[in-house]
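**Student:** Sequence plus the predicted model coming up.
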Amino acid sequence: MNNTTDETNGSLSPPLEVLRMITAILGIMVYSTGFIGNFLSLLLFIQKDFRQVSTGLIFLLLNIVSTIHLFSLIVEYVDSIYQIQIIPNDKFRCQFILWLQNATRTICSFLAATISLDRFIRSEYLMKSRLWCTTQNVMKLFVLYCLFSIIFYTFFLHPLNIFNNLKQCSFPVSSTFRLFALNYLPPIRFFLICVLPVVVMVGLVDECFGISINQRIVFHNKP
């Protein structure tokens, strides 16, 4: 059988080799574009005028965390596509990188939802926004997001999270950690980083749209 690899030298079959090359080229383009975009955004939001406003500070924090997340993705990408481990160590690749990747992804999702909340408060509750939408409150929320994400994903740092025989990160023994990582974490993570932020953002947009319509109705009904 030669569907996946050549049994004599372990190389990929021609179709899969072409697919690997395409993935490698696209990966370089995507990650390079991501770093350039993050760098340009950093130059913008690091300016004092932006940092002194809650919205600008959230964008700055989102930029920093997303850059760290991008680094964790590149480590996994280089390992998967090029079989090159930046630091050939189980603890770094399986424990630290997976922990960092999931924590930063969650923080980014929460920050994105916070931007929508910040803009909603500023547009609909002008007076209250002066008390709520402050850089101090942004930093408090950011610390809260970081603490939650760091603690929630600490199970990735479990000593049993190491390379298996296929050089893939896995919990090699049957345990509660393996059950949680493979069965329970995916739906919980999907809810945290996808469903919850999207519901918040869509809900705020709908609420803002409804308030705008009501204001127009009141305006047109004035004698």
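**Tutor:** Sure thing, it's come through.

**Student:** Show the end-to-end separation of stretch 154-169, please.
**Tutor:** 15 Å (CA to CA, to the nearest Å).

**Student:** So what's the gap between the longest helix out of those in the chain and the chain middle?
**Tutor:** For the chain, the helix that runs over the most residues, judged by DSSP state H, is helix 14-45. Centre-to-centre, helix 14-45 and its host chain are 16 Å apart (CA atoms, centre = their mean, to the nearest Å).

**Student:** Give me the helices and strands touching the helix or strand just after that helix, please.
**Tutor:** Downstream of helix 14-45, the next assigned helix or strand under DSSP states H and E is helix 48-51. Here helix 48-51 touches helix 54-82, going by 3 or more CB pairs under 8 Å, 6 or more residues apart in numbering; DSSP states H and E. Where C-beta positions appear, they are placed from N, C-alpha and C, glycine not excepted.

**Student:** still on that earlier bit, what residues sit buried inside the longest helix of the chain?
**Tutor:** In terms of neighbour count (16 or more other CB atoms under 10 Å), helix 14-45 has its buried residues at 27, 31, 34, 38, 41, 45.

**Student:** Not including adjacent chain positions, what is the nearest residue to the fourth one?
**Tutor:** With CB to CB, 6 or more residues apart in numbering as the criterion, Asn38 has its nearest non-adjacent residue at 4.7 Å, and that residue is Thr67.

**Student:** Quick check: pLDDT value at Asp206.
**Tutor:** pLDDT, Asp206: 70.

**Student:** Could you grab the helix/strand/coil label for it?
**Tutor:** helix (DSSP: H, G, I helix; E, B strand; the rest coil).

**Student:** For it, grab the count of nearby residues.
**Tutor:** Neighbours of Asp206 under the rule other CB atoms under 10 Å: 10.
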